[in-house]
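**Student:** I'll drop the sequence and a predicted model, then ask my questions.
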Amino acid sequence: MAAHAIKRGFMFHPDRRDGASALFAAFASGLEFTQLPPEVVQQAKQSILDVLGLALAGERMNAGCAPVTAYCAAASGPGASTVWSTGQRLAPGYAALANAAHARALDYDDIIEYPQIHVAACVVPAAVAMAQAHRLPGAGRVLLSAVAVGCELQARLAAALAPHFGEGLPIMLASQIFGYFSAAAACGNIIRLSEESMLDALGLALMQAAGTEETVVHAPLSMGKFLYSGLSNQAGVQSAMMASFGIQARADVLTGVAGLFNAYFGGNYAAEALTDGLGRDYRSLTRCFKSMPGTLVAHAFVEAALILLDSAGGDPGVIEKVVLYVGPWGRVMCEPSEMRRHPPGASAAMNSIPFMVAHALVRGRIGIADFGEAGRNDPGVLSMAARFEHIVMPELANRTGLEPGVVNLWLKDGRRLAHRIDAPAGHPSRPLSFDDVAIKFHRNLDDASVPMTPARREEIVQHVRSLESLDNISPIFESVSDDTNSRGSHAS
């Protein structure tokens, strides 16, 4: 590894006048585990366990994952980093691509409520792949600090964009675009890039960053919704590795004349959100860990509908009509109406409020299997979805967070039931604990292709719970797909 690898503890000095790009490079290069607040460590653990479980389930439940995995194996050849669901060992960039795509395949990963920016799935796969490829002492602490770095960068880029985000769905896909920088920062932290080389890594990320909403939301037959995080993770690994070999791209990456915000967002950003309290105040703590799969915009509607169903006696057959009251963001997830009621693919289903609410009303919950072909063509669900209508209410727009879920049920006996949920489970105001995420992990593994005993599952949970004490992360990742073979045979 190159001569550019130097690790320092990060200290933010209020009188430091460096630009945001240099400050981020210093933060990403210098942050060490001992500087992390306990709540940040805990959230990093939740992020790792959540992404791992989602990737193992997503690889099986989303048919689009198979060609992505096959491509990565063919393009990479043998390497040091593991594809978690198959046990294949690939070059770190390709392992990160596969694992990140698998983790996003169910739209069940954590997210910032406004703007809608995914976080851990854009960071954890790259960080794990890089950590596996470099046998570093205190590997658990190294991984935790790297995940904290990447998630904080992702959250601060989102916070800087938030005041200028506007209403409805944007053109640019900020989760993917920001993910290039966040993954690069996490990987650079692992291999101990100096501040200067970290700035090179961020510059190399800028040279690759891309992403729009077209293939993610508007295209009914596209793998873009889960593939995009794979691309940003792969490029993040590549950017950090290139910088470690002395490849330079040193620039004002974030706020320069042709930097990130000027190039992609018209120069509109809140500068103070980028660096104020950096290393002290962690904006990444405001993430939502999802309690159910599918777009977070729909979760409040699903919760409200299930409460109303219980009030109606639990029988979906008594429902005459379902009316959803939506703001500008919810409208996007309800239109075009026919496609949202009967989505042609898993990605379209995950972005549909009517489909998700209809499935919950008919089946009592929404699970990851419900987005498959059988779930999308369930006659009872389609019959229920046909009874839906939505009414757009501009006053429901929320410029700082999620829109509320407002649902009315019209029953066949003439009664009308109404309920409103302002924040779904998993929102920072209703957070999930590590134990909640562990329960979600176990449920996701019920739908994974990996054969794993309950004891092995719990072993992984406990390893992640005590990750800071591990010098070898192999027991968590390298043998998750090898439950019956010798788990001790893998290198650390």
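**Tutor:** Done, it's in. Numbering: from 1, shown residues only.

**Student:** who touches the closest residue to residue 216 other than its chain neighbours in this structure?
**Tutor:** Here the nearest residue to residue 216 in space, its sequence neighbours aside, is residue 224; by CB to CB, 6 or more residues apart in numbering that works out to 4.5 Å. All C-beta spots, glycine's among them, are computed from the backbone N, C-alpha and C. Applying CB atoms under 8 Å, 6 or more residues apart in numbering, one finds that residue 224 lies in contact with 214, 215, 216, 347.

**Student:** so how many other residues sit close to the second one?
**Tutor:** By the criterion of other CB atoms under 10 Å, residue 215 has 17 neighbours.

**Student:** what residues are up against it?
**Tutor:** By CB under 8 Å, 6+ apart, the residues touching residue 215 are 222, 223, 224, 225.

**Student:** cool, the third one as well?
**Tutor:** For residue 216, the contacting residues are 173, 222, 224, 225, 228, 347, taking CB under 8 Å, 6+ apart as the criterion.

**Student:** of the residues you listed, which belong to strands?
**Tutor:** Of the contacts of residue 216, none are assigned to strands by DSSP state E.

**Student:** wait, which of those is closest to residue 415?
**Tutor:** Top of the list for closeness to residue 415, among those and by CB to CB, is residue 347 at 36.1 Å.

**Student:** ok, and the closest non-adjacent residue to that closest one?
**Tutor:** Among residues not flanking residue 347 along the chain, residue 225 sits closest, at 3.9 Å (CB to CB, 6+ apart).

**Student:** go on, residue 424?
**Tutor:** Counting by CB to CB, 6+ apart, residue 424 lies nearest to residue 299, which is 3.7 Å off, once chain neighbours are set aside.

**Student:** and the pLDDT at the one you found?
**Tutor:** Looking at residue 299, its pLDDT is 97.

**Student:** where does the protein dip in pLDDT?
**Tutor:** Along the chain, segments meeting pLDDT under 70 span 1-18, 167-169, 479, 481-492.

**Student:** can you do 50?
**Tutor:** Counting by pLDDT under 50, the low-confidence segments of the chain come to 1-7, 14, 16, 483-492.

**Student:** which parts of it are strands?
**Tutor:** Going by DSSP E, the chain shows strands at 78-82, 89-90, 111-112, 117-118, 319-326, 388-392, 405-411, 416-421.

**Student:** mind putting these in a markdown table, distance to residue 305 included?
**Tutor:** Conversion of these to a markdown table gives the following (distance: least, CB to CB, whole Å):
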| stretch | distance to residue 305 |
| --- | --- |
| strand 78-82 | 40 |
| strand 89-90 | 42 |
| strand 111-112 | 21 |
| strand 117-118 | 25 |
| strand 319-326 | 7 |
| strand 388-392 | 10 |
| strand 405-411 | 5 |
| strand 416-421 | 8 |
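
**Student:** which of the ones you listed sits closest to residue 337?
**Tutor:** When those are ranked by distance to residue 337, counting by CB to CB, first place goes to strand 388-392 at 7.6 Å.

**Student:** picking up where we left off before, count of neighbours near the residue nearest to residue 347?
**Tutor:** Other residues within reach of residue 225 by the criterion other CB under 10 Å amount to 26.

**Student:** that one touches residue 345, doesn't it?
**Tutor:** No: the criterion here is CB atoms under 8 Å, and residue 225 misses it with residue 345 at 9.2 Å.

**Student:** burial measure for residue 420, as a count.
**Tutor:** 15.

**Student:** OK, contacts around it?
**Tutor:** In this structure, residue 420 makes contact with 304, 404, 405, 406, 407, judged by CB under 8 Å, 6+ apart.

**Student:** the helices in the stretch 1-150 of the chain, which residues?
**Tutor:** Listed in chain order, the helices found in the stretch 1-150 of the chain under DSSP state H, counting those that start in this stretch are 20-30, 38-61, 65-76, 92-104, 124-133, 139-161.

**Student:** reformat these as CSV; add distance to residue 268.
**Tutor:** As requested, the helices of the stretch 1-150 of the chain are exported to CSV (distance: least, CB to CB, whole Å):
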stretch, distance to residue 268
helix 20-30, 15
helix 38-61, 29
helix 65-76, 34
helix 92-104, 27
helix 124-133, 28
helix 139-161, 8
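
**Student:** and these: which comes nearest residue 440?
**Tutor:** helix 38-61 (6.6 Å).

**Student:** and the gap between residue 324 and residue 283?
**Tutor:** Using CB to CB, to the nearest Å, one gets 31 Å for the distance from residue 324 to residue 283.

**Student:** distance-wise, check the closest residue to residue 94 other than its chain neighbours relative to residue 38.
**Tutor:** Leaving aside its chain neighbours, residue 94 sits nearest to residue 76 (3.7 Å; criterion: CB to CB, 6+ apart). As for residue 76, its distance to residue 38 is 37 Å (criterion: CB to CB).

**Student:** the more surrounded of the two?
**Tutor:** Shown here are residue 76 and residue 38; by other CB under 10 Å, residue 76 has more neighbours (20 against 7).

**Student:** next up, the contacts around the more buried one.
**Tutor:** Listed by CB under 8 Å, 6+ apart, the contact set of residue 76 reads 90, 91, 93, 94, 95.

**Student:** report the two of the residues you listed separated the most.
**Tutor:** Set against one another by CB to CB, the contacts of residue 76 have their most distant pair in 90 and 93, with a gap of 8.3 Å.

**Student:** higher neighbour count, these two?
**Tutor:** Taking residue 90 and residue 93 together and counting by other CB under 10 Å, residue 93 has the greater number of neighbours (29 against 25).

**Student:** surely that one is in contact with residue 125?
**Tutor:** No: taking contacts as CB under 8 Å, residue 93 lies outside contact range of residue 125: 10.2 Å.

**Student:** what touches both of those two?
**Tutor:** When CB under 8 Å, 6+ apart defines a contact, no residue borders residue 93 and residue 125 alike.

**Student:** buried ones in stretch 153-168?
**Tutor:** Neighbour counts over stretch 153-168 (16 or more other CB atoms under 10 Å) mark 153, 154, 155, 156, 157, 158, 159, 160, 161, 162, 165 as buried.
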